[in-house]
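**Q** Sequence plus predicted model, see below.
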Amino acid sequence: MEPTIAQLKSLYRVCVQTSNLLKAINMTRLDELTRCIYIIVEETIEIEIDIDGGLTYDGITF
């Protein structure tokens with residue numbers, strides 16, 4: 001299974017923004033059941049990228 005183009009674009013954006021803040025990405029995972037990408041930044045920030053490239057952070061969808 002591979003991520004969609006929209007997911008890759010969102011993942012790239014998140015990675016660039018995270019590195020600009022000098023934060024470490026501890027985990028990135030593509031869930032085979034939900035087809036969402038899950039990212040853990042440092043130890044407290046959790047980001048979800050859905051199949052359409054939409055971001056969910058702290059319960060808020062962007």
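**A** In hand now; what should we look at? Numbers count the residues shown, from 1 in each chain.
**Q** which stretches of this protein have low pLDDT?
**A** The model of the chain has no residue with pLDDT under 70.
**Q** isn't Ile51 right next to Thr4, touching?
**A** Yes. At 5.9 Å, Ile51 and Thr4 qualify as touching, with contact defined as Cβ atoms under 8 Å. To be clear about C-beta, it is placed using only N, CA and C from the backbone, and glycine gets the same treatment.
**Q** Gly53 and Thr28, how far apart?
**A** Going from Gly53 to Thr28 by Cβ to Cβ, to the nearest Å gives 15 Å.
**Q** With Cys36 instead?
**A** 11 Å.
**Q** What of Val41?
**A** Using Cβ to Cβ, we find Val41 at a distance of 10 Å from Thr28.
**Q** Tell me which of the two has more neighbours.
**A** Higher neighbour count among Val41 and Thr28: Val41, with 20 against 15, using other Cβ atoms under 10 Å.
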